[in-house]
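> sequence unavailable; structure follows:
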């Protein structure tokens, strides 16, 4: 009884939310998409009423801006999705990336009684019982959580990141809706090789699921504490574990200045140029040494303390580079330093990032064009953001499939380059990349690396030779018993099945209509009655009418599917 009731409630909530989503889509000029969604999910949304409410000045804006405004109006989940998409220039053109980067995650604070009730539930006691003082007014509020200042019983200044009540269920419901919508998009545009909307939405759902789990953010922050332990230029806030849970994260209070406030930095005697250098070193060290990095190092996620010490904040979004990702990065860096286009393409092939349909000649031509554009410039004069942007254009054009975290890493480098340039107009991140490129080159040709590679190759060859007789015997034995099988996976086969089902249904319908027409024509020419009640001619006319109605219905069905 209980589970079906929950399912009914969830379905009703999804229908209500779908109606709102479609209304917003129409408002911002995406009527065609709203109509497709309504037709697929059999949900009406008052198209005529909403169309009248559509504001002309909104529709006159660029499509990218309208997408961003629609996401802002649709709320927290869509804002988060837009922010995630802004980190994927391999999927979207630059004008969409720039608009989505403007998405603000600032919302009204939660009602005081609700946030205090959530804090009591999470920590097992009222704020006045747990803390010496607790500031009811938040110092920051976002869609997932809000931040309050407090002081512990032993006098330590701290801040509490408190998750909004009910946000987990809200995001789960909306992610289910997004997954359904992504399935619709995938079914209609299945021919796109690199764009798998369902996989992207599920990656997003996984990422935002981690972000609402503040215990996961606490683990990330502890790893940063470990990685930068002893680094006098970076201060990662300490965590107060006794005041933490999956819905509350408590850490030390940082008294600092935002990097974007240049005047306050100079008034405090801080050096913007040094802060820019330390910000770049902070990200480059994560990427090249730790393989664990902050994916959103924009100025709002930092505070600057005395002596130009940089304090990073908000560790909910992090990326990880696997050993394969770092090997690819090393391979590409060395290839760029050498100006070897073939080595770059070989690296992409080795990591199975190239689709079967790619034209290697066209890809080589485009990569050579990008490298030639900057080959005559000294390193300090190469526009890093422009060069990376052109690289992403090539990725989209040739449908290259880079690992998601590898793309996040490149976007993180672009973000910190922009952050540092706002502090120091003469800053060039490529100058800071040089020592890492040199280190990678030495690693590539160093005797230790070569010896380890030779060791690994020898070990793998030995294991292969040892297993080969047993594997060959197993294969031959299965052949003899008729148990040898080959499994073939055909992508999008379910779409083919649906298409065949629709086609066979329409053919059957057409045959029935043809049979009615032929039978009715035969009856029209006959005299007599049917069961002594109706003239055969009358039955024939009725048959014509039924055939006409069925034919008209079939024609409408074909026209609505947009496939004649």
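Alright, I've got the coordinates. Since this is a predicted model, take the numbers as computed values, not measurements.

> do you know how far residue 509 is from residue 546?
Note on residue 509: its distance to residue 546, by C-beta to C-beta, to the nearest Å, is 12 Å. In this view, the C-beta of every residue, glycine as well, is placed from N, C-alpha and C.

> kindly apply the preceding question to residue 363 instead.
59 Å.

> who's more crowded, those two?
Legend: neighbour count by other C-beta atoms under 10 Å for residue 363 and residue 546, higher for residue 363 (19 against 15).

> what sits against the residue lying closest to that one once chain neighbours are set aside?
Among residues not flanking residue 363 along the chain, residue 398 sits closest, at 5.1 Å (C-beta to C-beta, 6 or more residues apart in numbering). Residues near residue 398 by C-beta atoms under 8 Å, 6 or more residues apart in numbering: 354, 355, 358, 359, 362, 363, 366.

> and the furthest pair within these?
Across those, no pair lies farther apart than 355 and 366, at 14.9 Å, counting by C-beta to C-beta.

> more neighbours, those two?
residue 366 (18 against 12).

> just to check, the more buried one is in contact with residue 392?
No - contact criterion C-beta atoms under 8 Å: residue 366 and residue 392 do not qualify, at 12.0 Å.

> quick one: the strands in the protein?
For the chain, the strands defined by DSSP state E cover 131-134, 140-141, 145-152, 157-163, 248-252, 292-294, 302-304, 310-312, 318-320, 529-530, 534-535.

> now the ones you listed in a markdown table, with mean neighbour count and distance to residue 385?
Compiled in a markdown table, the strands of the chain are given as follows (neighbours: other C-beta atoms under 10 Å; distance: least, C-beta to C-beta, whole Å):
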| stretch | mean neighbour count | distance to residue 385 |
| --- | --- | --- |
| strand 131-134 | 16 | 43 |
| strand 140-141 | 16 | 28 |
| strand 145-152 | 20 | 31 |
| strand 157-163 | 22 | 31 |
| strand 248-252 | 22 | 32 |
| strand 292-294 | 23 | 18 |
| strand 302-304 | 24 | 19 |
| strand 310-312 | 21 | 21 |
| strand 318-320 | 20 | 19 |
| strand 529-530 | 13 | 81 |
| strand 534-535 | 12 | 81 |
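
> can you tell which of those strands is closest to residue 63?
Nearest of the strands of the chain to residue 63, taken as C-beta to C-beta: strand 318-320 at 28.7 Å.

> report the rounded mean pLDDT for that closest one.
On average, the pLDDT along strand 318-320 is 89.

> check which helices and strands that strand sits against.
On a contact count with 3 or more C-beta pairs under 8 Å, 6 or more residues apart in numbering; DSSP states H and E, strand 318-320 meets strand 292-294, helix 404-423.

> just those: most buried one?
strand 292-294 (a mean of 23; mean count of other C-beta atoms under 10 Å).

> other residues contacting that strand?
Outside strand 292-294, the residues that touch it by C-beta under 8 Å, 6+ apart are 223-224, 227, 283, 286-287, 301, 312, 315, 317-321, 408-409, 412.

> what about 7 Å?
With C-beta atoms under 7 Å, 6 or more residues apart in numbering as the test, strand 292-294 has contacts from 223, 227, 283, 286, 287, 312, 315, 318, 319, 320, 409, 412.

> give the contact list for residue 419.
Shown in contact with residue 419 (C-beta under 7 Å, 6+ apart): 259, 279, 297, 298, 299.

> where does it land on pLDDT?
At residue 419, the pLDDT value in this model is 88.

> any idea how far it lies from residue 290?
Residue 419 is 19 Å from residue 290, where distance means C-beta to C-beta.

> kindly report the same for residue 122.
31 Å.

> give me the neighbour count for residue 288.
21.

> touching, it and residue 435? I think so.
No - at 9.4 Å, residue 288 does not count as touching residue 435 under the criterion of C-beta atoms under 7 Å.

> so where's the stretch 151-300 of the chain shaky on pLDDT?
185-196 (pLDDT under 70).

> swap in 90 and give it another go.
166-212, 260, 262, 284, 287-291, 295-300 (pLDDT under 90).

> helices of the stretch 101-250 of the chain, start to end?
Assignment of helices within the stretch 101-250 of the chain using DSSP state H, counting those that start in this stretch yields the ranges 112-123, 127-130, 167-188, 197-211, 214-227.

> typo on my end, it should be the stretch 301-450 of the chain
For the stretch 301-450 of the chain, the helices defined by DSSP H, counting those that start in this stretch occupy 323-338, 341-350, 360-375, 384-397, 404-423, 429-445, 447-481.

> report the buried residues of the shortest one.
By that I understand helix 341-350. Across helix 341-350, burial judged by 16 or more other C-beta atoms under 10 Å covers 341, 344, 345, 347, 348.

> just those residues now: which is nearest residue 554?
residue 348 (48.5 Å).

> residue 143 versus the closest one, what's the distance?
Residue 348 sits 37 Å away from residue 143 when distances are taken as C-beta to C-beta.

> what do you get for residue 421?
Distance of residue 421 to residue 143, given as C-beta to C-beta: 29 Å.

> can you put the helices and strands packed on strand 318-320 in CSV and add distance to residue 71?
Listed next are these as CSV, based on distance: least, C-beta to C-beta, whole Å:
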stretch, distance to residue 71
strand 292-294, 23
helix 404-423, 18
